[in-house]
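Participant: missing the sequence, but the structure's below:
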């Protein structure tokens, strides 16, 4: 027996993306135009000749069906548009694989061949800006002084080495940034760059999810920047 695959699914599999789940429509119980006309014809053929269907009622039934039929057509067109948009999203999302995205996070991943970069989000002028790197056990492995900075997104880079210049190893590391704001020491929000490993479509809310190397999954809507 020959199995014919769904051509829509091929759009996703050809570019290495998991297709969204589909619903079983084999047991549709919707009343179509031909069904309505058959029922209406049967009604007219079997009406009481001494009390025929009122013309106003007949016109009312036709008008109601016309409205319902128009709505069904509109829904079908919206479904087609949604499918088209989803396919377009799939093509766009596939181009993110292998690229880096900037996400709001205090945890980054260090591979074997490079360090970790990101941004410190400074809301106002800050003195003595610095950031600390801690391993999964919470141990301090590196502290880097940045100095005084004005408000804005301050770029940072850590080469993956500890204070002695030794590579600390592959894995997740936490970044904590601090600065003196208005005379008080405050912890500042950070954003981390991560590499996109794969893309998933069709989550519970129908969105796009990025699988990041060493960090897991994140909603595409949470991405601050690409590249």
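Facilitator: Arrived safely. Since the structure is predicted, the reported quantities are computational estimates derived from the model, not experimental observations. Residues are numbered from 1 along each chain as shown.

Participant: you'd agree residue 136 is up against residue 170?
Facilitator: No - applying C-beta atoms under 8 Å, one finds residue 136 not in contact with residue 170, separated by 11.3 Å. Using the backbone N, CA and C atoms, a C-beta is placed for each residue, glycine as well.

Participant: in which helix or strand does residue 194 reside?
Facilitator: strand 190-201 (DSSP states H and E).

Participant: burial of the nearest residue to residue 93 once chain neighbours are set aside, as a residue count?
Facilitator: Spatial nearest neighbour of residue 93, excluding adjacent residues (C-beta to C-beta, 6 or more residues apart in numbering): residue 199 at 4.4 Å. By other C-beta atoms under 10 Å, 23 other residues sit near residue 199.

Participant: can you name the residues bridging to residue 199?
Facilitator: Beta-bridge pairing for residue 199 (DSSP bridges): residue 210.

Participant: quick check: it touching residue 98?
Facilitator: No - with contact defined as C-beta under 8 Å, residue 199 does not reach residue 98; the gap is 10.8 Å.

Participant: sorry, back to before: looking at residue 136 and residue 170, which is more packed in?
Facilitator: It is residue 170, of residue 136 and residue 170, that has more neighbours when counted by other C-beta under 10 Å, with 13 against 10.

Participant: near residue 161, how many other residues are there?
Facilitator: 14.

Participant: kindly report the same for the one 3 residues further on.
Facilitator: As a burial measure, the neighbour count of residue 164 was computed by other C-beta under 10 Å and equals 8.
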